[in-house]
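Student: Just a sequence and a predicted model for now, questions to come.
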Amino acid sequence: GIALGLDLQGGLHLVFEVEGDRAVEISTERFAQYLREEARDNDVETEITIKGLEIVTEPANEALDSIISKDYSILEPSGPGRYRIRDEQVRIIMDTSVDQALETIRNRIDQFGVAEPRIHKQGSNEIVVQLPGVKDPKRAIDIIGKTAQLEFMLVDDRNPVAAELPQSILAGEEGALLIDFANRISDDNVILFQRVEEPGTGEVFKFPFLLKKEVMLTGDLLSEARVSIDTRYNEPYVSLKFNAQGAKIFENQTGAHVNERMAIVLDGNVYSAPVIREKIPGGNAQVSGSFTMEEARDLTIVLKAGALPAPMKMLQNVTVGPSLGRDSIEAGKLAGMIGAFFVVIFMVLYY
């Protein structure tokens, strides 16, 4: 049949702004992680941290400097033991982040199953999405707009501040807690929350975690994400498999942090924080969080389609009803009938 557009069958009209500055920050974090792996593989004893948009090596190390100058031409020195992404590369990252976001959104919508979507770039950093006939606008927005930045981070249980955190707080009290602890945590730590819903009452609680800012591994290195069922509790979860590079990093990181907790973080929210019992080879992991089957499927969609290169801000969200199109169709039918009537009268009189 004929595919009806947004004006004829109604649907969703969205406009997003891609935050290119955040894409540069994410790229800086990614290169810092690569350099930590280089240092570990080459037995270089130095601590690698991020200060703003700079990667800092303390103490500075000539061997690592040589590796960076040889294999990481995208980085340039900004001081002794300090590196940052070159200005021309920053511009490229910001420009391409919109194109990458466009392709990622298109992949997600293809898997969501919307017929005849319209997705195009507007201006320098905006993306327009039109989805005709969408029955569940909220779910569509969640799938399209989720950054899907998957990160594995260490829980800093040895930090005295961790013992001062309350075990749980009510939803909505996060801001007050962050203000209260703002001057008590270092620049190397961050407080994130796990959302837990009480099964009987439906009341939502938040569990605070003190995490090390250093990201052990990201979802960029995923090769597979699928829904599985926990046979003990009959609940769905998302099983992950990393590519060869990711599996190697995962094995090294879990081996180096046995008996510590590793938080699985998606878009700044903690989903679980299991204890690492032993080195984990093979590159397999799982994300559990009391998902419904639909939520687990949606999570696999965004993870398989890839993380957005940067967060997006929604500028416009309009649900379009089909009334205008229906009126146009009815008016067209009436005009056709009237036209056919006069043609018949003309033919009768003429012949």
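Tutor: That came through fine. Residues are numbered from 1 along each chain as shown.

Student: Nearest spatial neighbour of residue 239, chain-adjacent residues omitted?
Tutor: residue 228 (4.5 Å; Cβ to Cβ, 6 or more residues apart in numbering). Heads up, the C-betas are built off the backbone N, CA and C, glycines and all.

Student: so residue 233, which of the three states?
Tutor: coil (DSSP: H, G, I helix; E, B strand; the rest coil).

Student: where does it land on pLDDT?
Tutor: The predicted structure scores residue 233 at 79 on the pLDDT scale.

Student: what separates the residue nearest to residue 239 from residue 286, distance-wise?
Tutor: 7 Å (Cβ to Cβ, to the nearest Å).

Student: Now for the two: what residues contact both?
Tutor: 237-239 (Cβ atoms under 8 Å, 6 or more residues apart in numbering).

Student: Most neighbours among the residues you listed, please name it.
Tutor: residue 238 (25 neighbours; other Cβ atoms under 10 Å).

Student: Could you list the low-pLDDT ranges of this structure?
Tutor: 1-9, 321-330, 351 (pLDDT under 70).

Student: if you count residues, which helix in it comes out on top?
Tutor: helix 323-350 (DSSP state H).

Student: and that one, what other elements does it pack with?
Tutor: On a contact count with 3 or more Cβ pairs under 8 Å, 6 or more residues apart in numbering; DSSP states H and E, helix 323-350 meets helix 6-9.

Student: list the contacts for residue 131?
Tutor: Here residue 131 is in contact with 6, 11-12, 14, 109, 114, 117, 140 (criterion: Cβ under 8 Å, 6+ apart).

Student: SS state for the closest residue in space to it that isn't next to it in sequence?
Tutor: Distances taken as Cβ to Cβ, 6+ apart put residue 12 closest to residue 131, at 4.4 Å, once the chain neighbours are dropped. Per three-state DSSP, the secondary structure class of residue 12 is strand.

Student: Quick one: neighbours of residue 12, just the number.
Tutor: Neighbours of residue 12 using other Cβ under 10 Å come to 23.

Student: any idea how far it is from residue 139?
Tutor: On the measure of Cβ to Cβ, residue 12 and residue 139 end up 11 Å apart.

Student: now do residue 85
Tutor: Taking Cβ to Cβ, one finds residue 85 at 36 Å from residue 139.

Student: These two: which is more packed in?
Tutor: residue 85 (21 against 14).

Student: Was I right to think that one contacts residue 93?
Tutor: Yes - taking contacts as Cβ atoms under 8 Å, residue 85 lies within contact range of residue 93: 7.2 Å.

Student: what is in contact with the two at once?
Tutor: With Cβ under 8 Å, 6+ apart, residue 85 and residue 93 have common neighbours 24, 27.

Student: Dig out what the residue nearest to residue 131 forms beta bridges with.
Tutor: residue 131, residue 319 (DSSP bridges).

Student: State the helix or strand in which the residue nearest to residue 239 lies.
Tutor: Per DSSP states H and E: residue 228 is located in strand 222-230.
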